[in-house]
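A.B. asks: need a 3D model of the sequence below.
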Amino acid sequence: MLALDKQLAKKIGEHYILALEGKGKPIYAITSNYLKCKPCIFPDRPDKLLSREDWLKYIKKYRLSNTDVRKLRSTWTLGEPSFESNNPRAQFAFSEIEELLLKRMRANYAPNRGDIFPWIAQSNDNNSPANIFLVGNTSCGKTHFLNKLLTTVNKQGENYATGRPIVAFVMNPEDSSLAPARKLHRKRWLDIDLDKISGGIPISMIEPGSLVIFDDTLEMSSSDPRKRTIYALLNQLVTRGRHKKGKKGNARRGIEVVVISHLGSMRELANIRNAAKYWVLFPNCSRIQSIHMLRSRLHYTKRQTEQLLDRAGDSRFLVFRTHVPQMLISSNHVEIIQ
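C.D. replies: Below you'll find the model as predicted:
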């Protein structure tokens, strides 16, 4: 269940911060003891949580008249405390729709102000590595997104990258896209120039607890020996990296990776697709690829895909938390996928 109040979230059960709104206002995910609780967030218009398909379903099931439907809609639109009708079918429909709305209110938050951004929870232990897979065409904002992720900090000036080694494999070390992140983490940041790579890179060369970034380094020619080197290292990191833990702070999370790619469906990327806790898509400038990833890799139907993209609205990014509980985060909304 979602919540905006820390004390309320703490009172209900286990919780963590999954996103920030505006100037750092936390959005919490409650993961225990919430099933019988009232929603923590009440939208101004609960009826907007109902789709056209929902209404058609209940109209058909309960044989509702136009008058019944208008009365039901106005109940939630006007915030009426109760629903009264002489039609028993309409009363049954109200009870069932009310239960559906309560369920969706627990799982949805959509202020539609365009200022929500995901937050990777800090942890000293990491049984579920926060590997991140960013997929989109050129100039979609992949590196910009990563830069913001690495530079967005809490009141203590920290985030999940603070205090751990950061190793960045880049095609162009002079690229300024990650300059703010480099500056913030300068004491622990190391750029690896691919032009200077010769031979293999064993996982033992990566410092335990590192955050390893692969920024557009996976689309090299198949004949380029560096491609085999990079893929071999990446596969080692996503299969064994979480066991390579540092001694303190975020480094105790083990090695985690961030992979930026233009072509998310490549066969060679199967391991990172499976290991990534977060997929980041960019539907506004890379819609065809986003739809392909959703349908072929996350197995959403055509209709489900359209609904997900519609709910994201004009958000530049779309973040899927692939581990249970699955979640969807855009700049306009957060939802737990049920």
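
A.B. asks: C-alpha from now on. contacts and neighbour counts both.
C.D. replies: OK.

A.B. asks: so for stretch 13-24, mean pLDDT?
C.D. replies: The pLDDT scores in stretch 13-24 average 92.

A.B. asks: report the distance from it to the chain centre.
C.D. replies: Here the centre of mass of C-alpha atoms in stretch 13-24, compared against the chain's by Cα atoms, centre = their mean, to the nearest Å, lies 13 Å away.

A.B. asks: same deal with stretch 299-312?
C.D. replies: Centroid separation between stretch 299-312 and its chain, computed with Cα atoms, centre = their mean, is 15 Å.

A.B. asks: what about the helices in the chain?
C.D. replies: In order along the chain, the chain carries the following helices (DSSP state H): 6-12, 52-62, 66-77, 88-107, 142-151, 179-184, 225-240, 270-275, 287-292, 302-312.

A.B. asks: please export the C-alpha coordinates of the fourth one as PDB.
C.D. replies: Think helix 88-107. Extracted C-alpha coordinates of helix 88-107, given in PDB (Å, rounded to 0.1, in the frame of the first residue of the first chain):
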ATOM      1  CA  PRO A  88     -31.200  -3.300  -5.500                       C
ATOM      2  CA  ARG A  89     -28.900  -4.000  -8.500                       C
ATOM      3  CA  ALA A  90     -27.500  -0.500  -8.200                       C
ATOM      4  CA  GLN A  91     -26.900  -1.000  -4.500                       C
ATOM      5  CA  PHE A  92     -25.000  -4.200  -5.200                       C
ATOM      6  CA  ALA A  93     -23.000  -2.500  -8.000                       C
ATOM      7  CA  PHE A  94     -22.100   0.300  -5.600                       C
ATOM      8  CA  SER A  95     -20.800  -2.100  -3.000                       C
ATOM      9  CA  GLU A  96     -18.600  -4.000  -5.500                       C
ATOM     10  CA  ILE A  97     -17.300  -0.800  -7.100                       C
ATOM     11  CA  GLU A  98     -16.500   0.700  -3.700                       C
ATOM     12  CA  GLU A  99     -14.400  -2.400  -2.900                       C
ATOM     13  CA  LEU A 100     -12.500  -2.000  -6.200                       C
ATOM     14  CA  LEU A 101     -11.900   1.700  -5.500                       C
ATOM     15  CA  LEU A 102     -10.500   1.000  -2.000                       C
ATOM     16  CA  LYS A 103      -8.200  -1.500  -3.500                       C
ATOM     17  CA  ARG A 104      -7.000   0.900  -6.200                       C
ATOM     18  CA  MET A 105      -6.600   3.800  -3.700                       C
ATOM     19  CA  ARG A 106      -4.200   1.600  -1.700                       C
ATOM     20  CA  ALA A 107      -2.100   1.000  -4.800                       C
END
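
A.B. asks: for the helices of the chain, give me a markdown table that also has distance to I132 and mean neighbour count.
C.D. replies: As requested, the helices of the chain are exported to a markdown table (distance: least, Cα to Cα, whole Å; neighbours: other Cα atoms under 10 Å):
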| stretch | distance to I132 | mean neighbour count |
| --- | --- | --- |
| helix 6-12 | 26 | 14 |
| helix 52-62 | 34 | 13 |
| helix 66-77 | 39 | 16 |
| helix 88-107 | 23 | 17 |
| helix 142-151 | 10 | 19 |
| helix 179-184 | 16 | 15 |
| helix 225-240 | 11 | 17 |
| helix 270-275 | 8 | 18 |
| helix 287-292 | 16 | 18 |
| helix 302-312 | 19 | 15 |
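
A.B. asks: so can I have TSV of these showing distance to M171?
C.D. replies: What follows is the helices of the chain, written out as TSV (distance: least, Cα to Cα, whole Å):
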stretch	distance to M171
helix 6-12	42
helix 52-62	47
helix 66-77	53
helix 88-107	40
helix 142-151	13
helix 179-184	15
helix 225-240	11
helix 270-275	19
helix 287-292	23
helix 302-312	32
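
A.B. asks: so who does P81 touch?
C.D. replies: The contact partners of P81, taken as Cα atoms under 8 Å, 6 or more residues apart in numbering, are T75.

A.B. asks: so the nearest residue to S315 once chain neighbours are set aside versus M266, what's the distance?
C.D. replies: Of all residues not flanking S315 in the chain, S331 sits nearest, at 5.2 Å (Cα to Cα, 6 or more residues apart in numbering). The gap separating S331 from M266 is 27 Å, by Cα to Cα, to the nearest Å.

A.B. asks: go on, F133?
C.D. replies: 13 Å.

A.B. asks: ditto for P129
C.D. replies: The span separating P129 from M266 equals 22 Å under the rule Cα to Cα.

A.B. asks: so which of the two has more stuff around it?
C.D. replies: Neighbour comparison, P129 and M266: the larger count goes to P129, with 20 against 12 (by other Cα atoms under 10 Å).

A.B. asks: correct me, but that one touches R242?
C.D. replies: Yes - contact between P129 and R242 holds when scored by Cα atoms under 8 Å: they sit 6.4 Å apart.
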